[in-house]
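Visitor: Coordinates for the following, if possible.
(one chain, ligands or ions: 1)
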Amino acid sequence: MLVGLFALLLLAVSSPAAEALDNGLALKPTMGWLHWERFMCNIDCKHDPDNCISERLYMQMADVMVKEGWKEAGYEYVCLDDCWLSYYRDTKGRLQADPRRFPGGIKQLADYVHSKGLKLGIYADVGSETCAGYPGSFGHYETDAQTFADWGVDLLKFDGCNLDWTLLGEGYVNMSRALNKTGKSIVYSCEWPLYEWPYVKPNYTAIREACNHWRNSADVYDSWSSVKSIVDWAAANQDIIVPAAGPGAWNDPDMLVIGNFGLSHAQQESQMALWAIMAAPLFMSNDLRDICPRSKKLLQNKRIIDINQDPLAKQGYLALKVDSFQVWERPLFKNRVAIAVLNVQEIGGARGFFVGAAPGWKICKPSCNVTQILPHYKELGVQTLQSNLVVKVNPSGTTLLTVTPISGDPAGVYRLHWQDSAGTRHKDTLVL
Ligand code: GLA
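Guide: Numbering: from 1, shown residues only. You can find the predicted model right below:
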């Protein structure tokens, strides 16, 4: 009996699920902009000065982020990806930026970004070379962490190319320690599980203790098939990945490609809604200098961002598949729930979905308030378990709802009273 009690106590003390990387960062999913999907490894500044990987690109992006409401919407990190580096370390063995494309160096770029009230993210690799063949950090973790800290970098995306997979864990953990040792606040964005999955089931307890967020699945491309395959991967592996998420520790399904070329507007809405449900870091990869107003409005939609950043900090999951609909749900603070209904039938027009079929609908007892957030904001009013509420969902689009339970308390009861146009007060359970 005592032994049992001791074992229980030990379990409680050492319970790994409770521990995320304790650097006080990314308590909510990180938001920002990351160059990769849109700008890739374009280093041809001679012929394409506006789109090549150069300090100008990030400075312009930072300017727009402040001017066009992105910063105010919560997008804070301006992030470099691969191909910012020189092929050679400096005489002291430190990484350096390509001198032609970054004449001012990274420290000056960080100062500029900070002067705008934003933060700077950088990219490096756990192995001997980055995926694009620039110098990797293997054998230099402490030096590189210190270099980034000295420059004032606020986030590190650490890729996993060019390292034997059996060394990945050690490499990622050592870099985590090296970053911590600098004493600077640097968000640590990993790709550790992505590179382990082909060989072994990753240890998410260890990953969440070392990283603030981590990529699990393939690189996002500017297409619906790519976005959909990422969503399908998350659904297929949700029993493993959902419990790993929480403040300071997030599953990263990769960048938002909204505002580019490959997604219809309905598909852009699906990516935004599902990334909110999945409590995903929101890194846009697009050209903020030239973005369609509708995509901009979607990316800056406060109601969707609020779901993504919800203080309960629980990742959502696929709750039901029915009639070519996927119903995703995310529990929210104060017993609310977000419901995203994705229509996976890619033919025809909008189809109706009976909301009462969503498993989370049971919180609607005795009644609830329903708000539709996508495709248009609409108050759907007070509902009960018996309501026959049907929402329309576009092909490969998503209808996003929030459901707020109305308890039997006086405030709740009050909301069930309504006044008709003649001024007569009614006591009702259903106000539509
Ligand atoms: C890998 C990563 C991408 C990007 C490229 C850069 O493929 O998964 O996100 O960083 O490398 O080369």
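
Visitor: For the stretch 1-150 of the chain, which residues are neighbours of the ligand?
Guide: Contacts of the stretch 1-150 of the chain with the ligand, taken as C-beta under 6 Å from any ligand atom, map to 36, 81-82, 130-132. Yep, even glycine has a C-beta here, placed from its N, CA and C like the rest.

Visitor: most surrounded residue in the residues you listed?
Guide: residue 81 (25 neighbours; other C-beta atoms under 10 Å).

Visitor: contacting residues for it?
Guide: Applying C-beta atoms under 8 Å, 6 or more residues apart in numbering to residue 81 gives the contacts 34-36, 39, 123, 157.

Visitor: how about those residues in CSV, adding distance to residue 209, pLDDT and secondary structure?
Guide: Shown next, in CSV, are those (distance: C-beta to C-beta, whole Å; pLDDT from 0 to 100; DSSP: H, G, I helix; E, B strand; the rest coil):
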residue, distance to residue 209, pLDDT, secondary structure
34, 24, 99, strand
35, 29, 98, coil
36, 26, 98, helix
39, 33, 98, helix
123, 22, 99, strand
157, 19, 99, strand
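
Visitor: Would you mind splitting this structure into its domains for me?
Guide: With domains defined by automatic domain parsing, the chain comprises 18-308, 317-431.

Visitor: quick revisit: which pair of the contacts of residue 81 spans the longest distance?
Guide: Of all pairs drawn from these, the one with the longest distance (C-beta to C-beta) is 39 and 157, at 14.4 Å.

Visitor: Just confirm residue 197 contacts residue 214, I think it does.
Guide: No: the criterion here is C-beta atoms under 8 Å, and residue 197 misses it with residue 214 at 11.2 Å.

Visitor: Among those two, which residue is more densely surrounded?
Guide: Using other C-beta under 10 Å as the criterion, residue 197 and residue 214 rank with residue 214 on top: 27 against 16.

Visitor: Which of the residues in stretch 189-198 are classified as buried?
Guide: Residues of stretch 189-198 classed as buried: 189-197 (neighbour count, 16 or more other C-beta atoms under 10 Å).

Visitor: For the ligand, tell me which of the residues you listed show up nearby.
Guide: When contact is defined as C-beta under 6 Å from any ligand atom, the buried residues of stretch 189-198 meet the ligand at residue 191.

Visitor: Pick out whichever of the buried residues of stretch 189-198 sits closest to the ligand.
Guide: Checking those against the ligand by C-beta to the nearest ligand atom gives residue 191 as the nearest, at 5.6 Å.

Visitor: can you give me the helices for the stretch 201-350 of the chain?
Guide: Secondary structure of the stretch 201-350 of the chain (DSSP state H, counting those that start in this stretch): helices at 204-210, 224-236, 238-241, 265-277, 293-299, 302-308.

Visitor: which one of those has the most crowded surroundings?
Guide: By mean neighbour count, with neighbours taken as mean count of other C-beta atoms under 10 Å, helix 265-277 ranks first of the helices of the stretch 201-350 of the chain at a mean of 25.

Visitor: Outside of that helix itself, list whatever touches it.
Guide: Under C-beta under 8 Å, 6+ apart, the answer for helix 265-277 is 224, 227, 231, 253, 256-259, 263, 282, 294-295, 298-299, 301, 304-305, 307-308, 316, 328-330, 338, 340, 342, 373-375, 394-398, 400.

Visitor: now that helix: mean pLDDT?
Guide: Helix 265-277 shows a mean pLDDT of 99.

Visitor: ok, now stretch 180-188?
Guide: 98.

Visitor: how long is it from one end to the other?
Guide: This stretch, stretch 180-188, spans 10 Å end to end (C-alpha to C-alpha, to the nearest Å).

Visitor: for stretch 350-362, same thing?
Guide: 25 Å.

Visitor: related to what we said a few turns ago, residue 20: which of the buried residues of stretch 189-198 is nearest?
Guide: residue 190 (12.6 Å).

Visitor: Chain neighbours aside, what residue packs nearest to the closest one?
Guide: Distances taken as C-beta to C-beta, 6 or more residues apart in numbering place residue 211 nearest to residue 190, at 3.8 Å, with adjacent residues excluded.

Visitor: wait, what's in contact with that neighbour?
Guide: By C-beta under 8 Å, 6+ apart, residue 211 lies in contact with 21, 172, 176, 188-190, 192, 249.

Visitor: Can you name the residues that contact residue 66?
Guide: Residue 66 touches 116-118, counting by C-beta under 8 Å, 6+ apart.

Visitor: which one of those residues sits closest to residue 89?
Guide: Checking the contacts of residue 66 one by one against residue 89 (C-beta to C-beta), the nearest turns out to be residue 118, at 27.9 Å.

Visitor: rewinding a little: out of the contacts of residue 66, who's the most crowded?
Guide: With neighbours defined as other C-beta under 10 Å, the most crowded of these is residue 118; it has 24 neighbours.

Visitor: My read is that that one contacts residue 65, right?
Guide: Yes: between residue 118 and residue 65 there is a contact under C-beta under 8 Å: 6.2 Å.

Visitor: Identify the contacts common to the two.
Guide: Shared contacts of residue 118 and residue 65 (C-beta under 8 Å, 6+ apart): 71, 78.

Visitor: Out of the domains of the chain, which is the most enclosed?
Guide: domain 18-308 (a mean of 20).

Visitor: Centre of the chain to that domain, how far?
Guide: 10 Å (C-alpha atoms, centre = their mean, to the nearest Å).

Visitor: Tell me who's in contact with the residue in the stretch 301-432 of the chain positioned nearest to the ligand.
Guide: Minimum separation of the stretch 301-432 of the chain from the ligand (C-beta to the nearest ligand atom) falls at residue 308, amounting to 20.0 Å. The contact partners of residue 308, taken as C-beta under 8 Å, 6+ apart, are 28-29, 31, 275-276, 279-280, 282.

Visitor: Of all the residues in the stretch 251-400 of the chain, which one is nearest the ligand?
Guide: Using C-beta to the nearest ligand atom, the closest approach of the stretch 251-400 of the chain to the ligand is made by residue 254 at 6.7 Å.

Visitor: Kindly export stretch 82-98 (C-alpha atoms) in PDB.
Guide: Provided in PDB are the C-alpha atoms of stretch 82-98 (Å, rounded to 0.1, in the frame of the first residue of the first chain):
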ATOM      1  CA  ASP A  82      17.400  29.200 -45.000                       C
ATOM      2  CA  CYS A  83      19.900  31.000 -47.300                       C
ATOM      3  CA  TRP A  84      20.700  34.100 -45.200                       C
ATOM      4  CA  LEU A  85      24.100  32.700 -44.500                       C
ATOM      5  CA  SER A  86      27.600  33.100 -46.000                       C
ATOM      6  CA  TYR A  87      29.100  29.800 -47.000                       C
ATOM      7  CA  TYR A  88      32.000  30.500 -44.600                       C
ATOM      8  CA  ARG A  89      32.200  31.100 -40.800                       C
ATOM      9  CA  ASP A  90      34.300  34.100 -39.700                       C
ATOM     10  CA  THR A  91      37.800  33.900 -38.400                       C
ATOM     11  CA  LYS A  92      36.500  33.300 -34.900                       C
ATOM     12  CA  GLY A  93      34.400  30.400 -36.100                       C
ATOM     13  CA  ARG A  94      31.100  32.300 -35.900                       C
ATOM     14  CA  LEU A  95      28.300  32.100 -38.500                       C
ATOM     15  CA  GLN A  96      27.900  35.200 -40.600                       C
ATOM     16  CA  ALA A  97      25.300  36.600 -43.000                       C
ATOM     17  CA  ASP A  98      26.100  36.800 -46.700                       C
END
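
Visitor: Kind regards, and thank you for your time.
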